[in-house]
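In: Sequence and predicted structure below; questions after.
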Amino acid sequence: SQKIEQNSEALNIQEGKTATLTCNYTNYSPAYLQWYRQDPGRGPVFLLLIRENEKEKRKERLKVTFDTTLKQSLFHITASQPADSATYLCALDVTGGFKTIFGAGTRLFVKA
Amino acid sequence: NAGVTQTPKFQVLKTGQSMTLQCAQDMNHNSMYWYRQDPGMGLRLIYYSASEGTTDKGEVPNGYNVSRLNKREFSLRLESAAPSQTSVYFCASSRQGTVGDQPQHFGDGTRLSIL
């Protein structure tokens, strides 16, 4: 069956370090993969989109990689700050575009 | 610029009651979506509207109905609420949903409890 897996365990890191979150998927061949941030009690907010023909995408302190062979995306936050503490969701498109499948998210805690 | 606005923010219902969740967007987006989010699970698509005048079922449509009232508004109705429908409901919109490279913009959700 089709599945998206994100680490369900929270990730705890020290301020200033690089946080790396993983998104693995099976039985999909997405053309696009997106990352969202969700704060408690709020809706998800779009961060980055990467296409299947792009290996890496950067935006300020954020970097996303997309390995279609491994069926994996990595999301990096460099020089992490306590304000980066949130849940991060990966999402990928299923053929047709309307069905975007979301992972359950990984909770990140950045300690000062 | 409000983005996507959902009302109400919280609601408690008794089993069997009906309720309509409202959603409006001011970004002139063509496509709109309703999701539910349960602990430990990803967002699951209930219904979506590709454009004004069209609606289609998503992954978990049973027990729900929707209405795309106009380009701005997309409502979700529970005809006879059940405890299994206790969840957080999110409305989202995107400029055009036919291509997977369109980010979705979300409201802040309606927290619904059914006793």
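Out: Structure received. Numbering: from 1, shown residues only, chains lettered A, B, ... in the order given.
In: where does chain B come near chain A, residue by residue?
Out: Contact residues, chain B versus chain A (CB under 8 Å from any CB of the partner chain): B:4, B:31, B:35, B:40-45, B:48, B:50, B:56, B:58-59, B:90, B:92, B:97-109. C-betas here are computed from N, CA, C, even on glycine.
In: Around chain B, which positions in chain A sit nearby?
Out: If contacts are counted using CB under 8 Å from any CB, the residues of chain A sitting beside chain B are A:4, A:8, A:30-32, A:34, A:41-46, A:49, A:51, A:89, A:91-93, A:96-105.
In: which intervals of chain B have sub-threshold pLDDT?
Out: B:1, B:97-100 (pLDDT under 70).
In: Next, please give the residue ranges for the strands of it.
Out: For chain B, the strands defined by DSSP state E cover B:4-7, B:10-13, B:19-25, B:31-37, B:44-49, B:56-57, B:64-68, B:74-78, B:87-94, B:105-106, B:110-114.
In: Reformat these as CSV; add mean neighbour count.
Out: CSV is the format used below for those (neighbours: other CB atoms under 10 Å in any protein chain shown):
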stretch, mean neighbour count
strand B:4-7, 18
strand B:10-13, 14
strand B:19-25, 20
strand B:31-37, 25
strand B:44-49, 22
strand B:56-57, 13
strand B:64-68, 18
strand B:74-78, 20
strand B:87-94, 24
strand B:105-106, 22
strand B:110-114, 18
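In: Make a markdown table from the ones you listed and add distance to A:His76 to it.
Out: Listed next are those as a markdown table, based on distance: least, CB to CB, whole Å:
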| stretch | distance to A:His76 |
| --- | --- |
| strand B:4-7 | 28 |
| strand B:10-13 | 36 |
| strand B:19-25 | 31 |
| strand B:31-37 | 25 |
| strand B:44-49 | 28 |
| strand B:56-57 | 36 |
| strand B:64-68 | 38 |
| strand B:74-78 | 35 |
| strand B:87-94 | 26 |
| strand B:105-106 | 23 |
| strand B:110-114 | 32 |
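In: which one of the ones you listed lies closest to A:Gln81?
Out: Of all the strands of chain B, it is strand B:105-106 that lies closest to A:Gln81, at 23.1 Å by CB to CB.
In: In terms of secondary structure, what does that closest one contact?
Out: For strand B:105-106, the elements it packs on are strand B:87-94, judged by 3 or more CB pairs under 8 Å, 6 or more residues apart in numbering or on different chains; DSSP states H and E.
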